[in-house]
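Asker: got a predicted model here, sequence first, then my questions.
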Amino acid sequence: MSQSRRVVLLCGPGPSTHIVHHALTRELGPIDTVMETVPTRWFLLRRRVKKLGLATVAGQLPFQAAVVPLLRRASAARIEAIKREHGLDDSPIQDPITHVPSVNTDEAREVLRRLDPAVVVVNGTRIIARKTLDCVAAPFVNMHAGITPAYRGVHGGYWALAEGRPELAGTTIHFVDEGIDTGGIIAQGRFSVTPEDSFATYPYLHLAAGVPLLVRTVRGILDGNLQRDPVPEGLASRLRTHPTLWGYAAARLRGVR
């Protein structure tokens, strides 16, 4: 492993990246941020239709376009309360950012080699190819919104609640491999929901549960004393996607907001 103590945040744009950046700099000092460009919506839509089928995507789009914005507006006060309680700062990053078209380009790999990190923290990027993971000696770690292996993919807390398994609403810190949230588990933290919480607040509850574990993980790697939680037993691996409009309506009838 490199003798460097440099921390690199390899990320996509968005509030969660701001929160992770500010938490790492507050707890560990200056870091380097490398941000990729988000693929176009048309590219993402075509890829999703190819993977999930037109009927499923046709149910996901109205949920994301119409329901989620309403939930966010209705939950604005609760989101601010979670951020205040847990010190989640989503203000824009003021430090310099190195922009790359994709984490899987030669340009991104050259930047990583030049920075020579001790650890790479991943947040909100596309799936990282083996060629990029191997371009530096440092481990790549990710904070995932879900308890793996049962809730890989997206919206893990929501799916745990929708399936009547609130004890599995939580966040996983794991090493990154070529799969989707399949890397070795480092730590997991659970959260409870209140009657005020909804699909719009779960991402912030994930961050509240995960950010302290992420900081602990990075500090452990830098100090050479990384501690790992026991891997949960008996959980089947499953990849989750966005809810459909009718799927969310059914969950809502069961009390999951």
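Answerer: In hand now; what should we look at? Residues are numbered from 1 along each chain as shown.
Asker: hey, let's count contacts and neighbours off CA atoms from now on
Answerer: Noted.
Asker: please work out how many residues are found near residue 66.
Answerer: The tally of other residues near residue 66 (other CA atoms under 10 Å) stands at 11.
Asker: now do the strands in the protein.
Answerer: For the chain, the strands defined by DSSP state E occupy 7-11, 32-36, 97-100, 119-123, 140-144, 152-153, 170-175, 185-190, 239-240.
Asker: pipe the ones you listed into a markdown table and attach mean pLDDT, distance to residue 251 and mean neighbour count per row.
Answerer: Shown next, in a markdown table, are these (pLDDT from 0 to 100; distance: least, CA to CA, whole Å; neighbours: other CA atoms under 10 Å):
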| stretch | mean pLDDT | distance to residue 251 | mean neighbour count |
| --- | --- | --- | --- |
| strand 7-11 | 98 | 32 | 25 |
| strand 32-36 | 98 | 34 | 21 |
| strand 97-100 | 98 | 39 | 16 |
| strand 119-123 | 98 | 28 | 25 |
| strand 140-144 | 98 | 22 | 25 |
| strand 152-153 | 96 | 19 | 20 |
| strand 170-175 | 98 | 18 | 26 |
| strand 185-190 | 98 | 21 | 22 |
| strand 239-240 | 95 | 15 | 15 |
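Asker: these: which one's closest to residue 199?
Answerer: Between residue 199 and the strands of the chain, the tightest spacing by CA to CA is seen for strand 170-175, at 13.7 Å.
Asker: my guess is residue 218 contacts residue 119. True?
Answerer: Yes: at 7.1 Å, residue 218 counts as touching residue 119 under the criterion of CA atoms under 8 Å.
Asker: what sits against residue 75?
Answerer: For residue 75, the contact set (CA atoms under 8 Å, 6 or more residues apart in numbering) comprises 196-198, 200-201.
Asker: circling back to that earlier point, can you check which of the strands of the chain gets nearest to residue 67?
Answerer: Taking the strands of the chain one by one with CA to CA, strand 239-240 is closest: 18.8 Å.
Asker: so for this protein, which residue is the most central one in space?
Answerer: Centroid-nearest residue in the chain: residue 144, 4.2 Å away (criterion: CA atoms, centre = their mean).
Asker: can you tell me how far that residue is from residue 82?
Answerer: Per CA to CA, to the nearest Å, residue 144 is found 18 Å from residue 82.
Asker: model confidence for the closest residue to residue 236 other than its chain neighbours, exactly?
Answerer: In space, residue 236 comes closest to residue 150 once its chain neighbours are excluded; the distance is 5.4 Å by CA to CA, 6 or more residues apart in numbering. Looking at residue 150, its pLDDT is 97.
Asker: who's in contact with residue 150?
Answerer: With contact taken as CA under 8 Å, 6+ apart, residue 150 is in contact with 235-239.
Asker: so which of these is the most crowded?
Answerer: Scoring the contacts of residue 150 on neighbours with other CA under 10 Å, the highest-scoring entry is residue 239 at 15 neighbours.
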